[in-house]
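K.L.:
Fold the following and give me the result.
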Amino acid sequence: MTASAKRARPPAGFRLLEHTADIGVEAWGRTRQECFDQAVRALAAVVAAPRTPITTRAEAVRIPPGTHEEQLLTLLEAAIYLIDVNGQMPIAAHLVPAPDGGLGGVFDTVAVEDVEQTGSVPKAATRYLLRVWQDDTGWCARATIDV
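P.N.:
A predicted model of the protein is given here:
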């Protein structure tokens, strides 16, 4: 990415990357937690568009210590679990560092029946092309979602 492209990038956001049998997500933010939040928002965008108005509820999330990549993978897997088992679509993640090196916080979720499904429900987040890095603009992450 060129220096001018980096400056033009919003402080936080995501984009979806098309693959043959899965979807790639790329997310960025000023902090690692903001970047991970954007990855959760990208996951939601793979599956659905919220109907308005939506009512959200908080679902606790705890990510154990590990590499940045392991923590992102665990976070995305926790989000997929909520969709699959609890019928709740995570649409944002509010995370804070835990004293042990993990992350704690909550997902903002919406009932699956309150969203318009626009894509396949993900089966898993994978290690394929999984990467988390920091550059001069903040934190970036890339993950592949098996759909």
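K.L.:
make it CA atoms for all contacts and neighbour counts henceforth
P.N.:
OK.
K.L.:
And residue 134, its phi and psi?
P.N.:
phi -120, psi 140 (degrees, to the nearest 10).
K.L.:
Okay, and the beta partners of it?
P.N.:
residue 139 (DSSP bridges).
K.L.:
Pull the number of nearby residues for it.
P.N.:
Close neighbours of residue 134, defined as other C-alpha atoms under 10 Å, add up to 14.
K.L.:
can you give me the strands for this structure?
P.N.:
According to DSSP state E, the chain carries its strands in the segments 13-18, 22-29, 48-50, 57-63, 88-97, 103-111, 115-117, 124-135, 138-146.
K.L.:
With residue 123 as the reference, measure out to residue 117.
P.N.:
Computed as C-alpha to C-alpha, to the nearest Å, the residue 117 to residue 123 distance reads 15 Å.
K.L.:
okay, those two: which has more neighbours?
P.N.:
residue 117 (17 against 14).
K.L.:
Could you tell me the model confidence score at the closest residue to that one other than its chain neighbours?
P.N.:
Nearest residue to residue 117 in three dimensions, chain neighbours excluded: residue 48, at 4.3 Å (C-alpha to C-alpha, 6 or more residues apart in numbering). With respect to pLDDT, residue 48 scores 83.
K.L.:
Please apply the same query to residue 52.
P.N.:
As predicted, residue 52 sits at a pLDDT of 64.
K.L.:
Repeat that for residue 72.
P.N.:
On pLDDT, residue 72 comes in at 98.
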